[in-house]
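> Quick check, what structure comes out for this input:
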Amino acid sequence: MVQLSHTISKANVHLEERTEQHLENGAPLGLCFATSKTELLYCLPLTSKDKNKSLASHLPLGVLGTTIPAGRQIKYLGVFIDESLTFKYHATMAAARANKVLGSLNFLRHRSRGIPVCIAHHLAMTAILPAMFWASPAWWTGTPGVVATLKVAYNAVARWITGLPLNTRTTNLITLAQLPPMETYLDYLLLRYAIRLHFLPTHHTIGPPQEQPNTHANHPGLHRLYNLSKDLILGKLEDRTATTTTGGLAKTVSPNPNKTTKPQQLHEKWIQTLADHTVVMYTDGSKLANGAVGCGWAVYHCSD
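Predicted coordinates for the structure are as follows:
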């Protein structure tokens, strides 16, 4: 039950009335009230004067004669929601969950002994990281507090995969473990989920992400998914003359947008105009006869 109100006391009154009404309607269906599974959370912004007050100073919530105490965070569908939506507590619990799974698999590999690196990498991607990053589109914001907590567990997974010592540089550790940077991987999960939402049926409960300009950019939610995917979804993907910006980087105009006049010569001439050490990547994909999708890529490094 979610209740918005200007004061906590008014919110409690409305919550009590709504909850008791739902319980009365559910009684004929055998739905009863479970006190042990009931939690209460007051979501207060960081700037609120009530944030630093003791929870005991607020009026208690009473449901069917039972007092429900307020907590600093609640667990909902595997996500720990704190009162200011910072998700720092959830990051701590997610790291602990990853360490627990890693502890159960730790005996399989020790330095150069045990299972091969490829098997350890497969277990990390299918068993450890999914448990660690469960429901990440709901809580991942990239804030320093969340990043610092998760990176310790993420680096421990990479160290287990490679068997490298503790003094190994983090960049080398992640590279040799064949793991993407943690922030990049979480942004990828976020973007993938945003794309799925954009293509939901029109009658779906969630619906596509919508622009909410009055909401803070660092807060999680549908507005953040919209800001992350708007260039991909709203842009003209087949317009080779587009010069819009994505992520602050200007797109280079294609030298041959209509593909009619000597494309190979024009393209070679365009490559010669690029600065040294520019990396150009070409990708292509197509559906195969068996229904699978084939893809290919090539990288060109410009130099003298």
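> where exactly do the helices run in the stretch 51-200 of the chain?
88-105, 117-123, 129-132, 136-139, 144-162, 170-176, 182-198 (DSSP state H, counting those that start in this stretch).
> Run through the stretch 201-304 of the chain and note the low-pLDDT ranges.
217-218, 233-261, 304 (pLDDT under 70).
> Need the helices of the stretch 51-200 of the chain in CSV (columns: distance to Gly71 and mean neighbour count).
For glycine as for every other residue, the C-beta is placed from the backbone atoms N, C-alpha and C. Converted to CSV, the helices of the stretch 51-200 of the chain look like this (distance: least, C-beta to C-beta, whole Å; neighbours: other C-beta atoms under 10 Å):
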stretch, distance to Gly71, mean neighbour count
helix 88-105, 11, 18
helix 117-123, 35, 16
helix 129-132, 24, 19
helix 136-139, 17, 21
helix 144-162, 20, 19
helix 170-176, 35, 15
helix 182-198, 27, 16
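> Can you add mean pLDDT and give the ones you listed back as TSV?
Shown next, in TSV, are these (pLDDT from 0 to 100):
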stretch	mean pLDDT
helix 88-105	93
helix 117-123	92
helix 129-132	94
helix 136-139	91
helix 144-162	93
helix 170-176	91
helix 182-198	90
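> Kindly reformat those helices as CSV and extend each row with distance to Lys230.
Below are the helices of the stretch 51-200 of the chain laid out as CSV (distance: least, C-beta to C-beta, whole Å):
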stretch, distance to Lys230
helix 88-105, 26
helix 117-123, 34
helix 129-132, 27
helix 136-139, 16
helix 144-162, 23
helix 170-176, 30
helix 182-198, 9
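> Tell me which of those lies nearest to Pro209.
helix 182-198 (5.6 Å; C-beta to C-beta).
> Other residues contacting the helix or strand that that closest one is followed by?
As assigned by DSSP states H and E, the chain's next helix or strand after helix 182-198 is helix 222-234. Contacts with helix 222-234, where a contact means C-beta atoms under 8 Å, 6 or more residues apart in numbering, come from 137, 141, 187, 190-191, 193-195, 197-198, 206, 208-212, 215, 217, 244, 246-247.
> Mind doing that once more with 7 Å?
137, 190-191, 193-195, 197-198, 209-212, 215, 217, 246 (C-beta atoms under 7 Å, 6 or more residues apart in numbering).
> again with stretch 8-26
1, 3, 5, 33, 42, 58-59, 61-64.
> ok, back up a step: between the helices of the stretch 51-200 of the chain, which one is nearest to Leu77?
Nearest to Leu77, of the helices of the stretch 51-200 of the chain and by C-beta to C-beta, is helix 136-139 at 8.5 Å.
> Put the alpha carbons of that closest one into PDB.
The C-alpha trace of helix 136-139 is given here as PDB (Å, rounded to 0.1, in the frame of the first residue of the first chain):
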ATOM      1  CA  SER A 136      19.200  -3.700 -10.900                       C
ATOM      2  CA  PRO A 137      17.000  -1.500 -13.200                       C
ATOM      3  CA  ALA A 138      15.000  -0.600 -10.100                       C
ATOM      4  CA  TRP A 139      17.900   0.500  -7.900                       C
END
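> contacting residues around that helix?
If you take C-beta under 7 Å, 6+ apart as the criterion, helix 136-139 is touched by 79, 87, 90, 186, 189-190, 193, 220, 225.
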